[in-house]
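>>> Sequence and predicted structure are below.
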Amino acid sequence: MSIRKILTLPDPALREKSLPVKKITANVCKLLDDMAETMYDAPGVGLAAPQIGVLKRVIVVDVGEGLVELINPEIIAATGCEVDVEGCLSVPGLQGEVPRAAAVTVQGLDRHGKKIEIKATGLFARALQHETDHLDGIMFIDKVVRWLEPKQEEQ
Ligand code: NI
């Protein structure tokens, strides 16, 4: 495993549409391992492959309930709406309030190619929506309804 460099805006890769994974190879498993290690090192609660410059539809999320790896994730149901604060490892220093569905159902594949379905609410649902957006080149800054004051520098 290795920690990869996280791209930040205005890197154009962050605005590209990522391609579905057609076949889960050793490279895809290595990508998942590197993404998890990079996310925990940052630290962050989620990471999408384009954030490390790999334009494949792969995300990892861990909001404190364990690591979730998803290949070709698709949000198949979304209900309710909640506004809460978000940031992004690719947009250091900025935070804003973003409306998201309160509950989502996401389908995708695990690293063994098995179809999985996840039902999520709260922060978990928010992280899944944020990371899935990255796969279409959409950043949270596109959806902010209110910006927070920049964080104070630590004394
Ligand atoms: Ni992000």
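Alright, I've got the coordinates. What you see is a predicted model, and the numbers here were worked out from it, not measured in a lab. Residues are numbered from 1 along each chain as shown.

>>> which residues are in contact with the lengthiest strand in the chain?
Counting residues, the longest strand in the chain under DSSP state E turns out to be strand 68-79. Under the criterion C-beta atoms under 8 Å, 6 or more residues apart in numbering, residues 20-21, 24, 28, 32, 36, 57-62, 101-111, 116-118, 128-129, 131-132, 135 lie in contact with strand 68-79. Just so you know, the C-beta spots here come from the backbone N, C-alpha and C atoms, and that holds for glycine as well.

>>> Buried ones among those residues?
21, 24, 28, 32, 36, 57-62, 101-106, 108-109, 118, 128-129, 131-132, 135 (16 or more other C-beta atoms under 10 Å).

>>> From these, which land in helices?
Per DSSP state H, helices hold the following members of the buried ones among the contacts of strand 68-79: 28, 32, 36, 128-129, 131-132.

>>> The residue nearest the centre of the chain: what's it in contact with?
Geometric centre of the chain, nearest residue: Glu131, 2.2 Å, by C-alpha atoms, centre = their mean. Neighbour list for Glu131: 46-48, 59-61, 73 [criterion: C-beta under 8 Å, 6+ apart].

>>> Ok, Thr105 next?
75-78, 117-120.

>>> Ile3 now?
Taking C-beta under 8 Å, 6+ apart, one finds 34, 37-38, 41 in contact with Ile3.

>>> Quickly name whichever of those is closest to Ile52.
Thr38 (6.3 Å; C-beta to C-beta).

>>> is it true that the closest one touches Ile52?
Yes. Contact criterion C-beta atoms under 8 Å: Thr38 and Ile52 qualify, at 6.3 Å.

>>> Between those two, which contacts overlap?
Between them, Thr38 and Ile52 share the contacting residues 4, 6, judged by C-beta under 8 Å, 6+ apart.

>>> any chance you could read off phi and psi for the nearest residue to Glu97 once chain neighbours are set aside?
Computed as C-beta to C-beta, 6 or more residues apart in numbering, the closest residue to Glu97 that is not its neighbour in sequence is Arg146, at 4.5 Å. When read as degrees, to the nearest 10, the backbone of Arg146 gives phi -150, psi 130.
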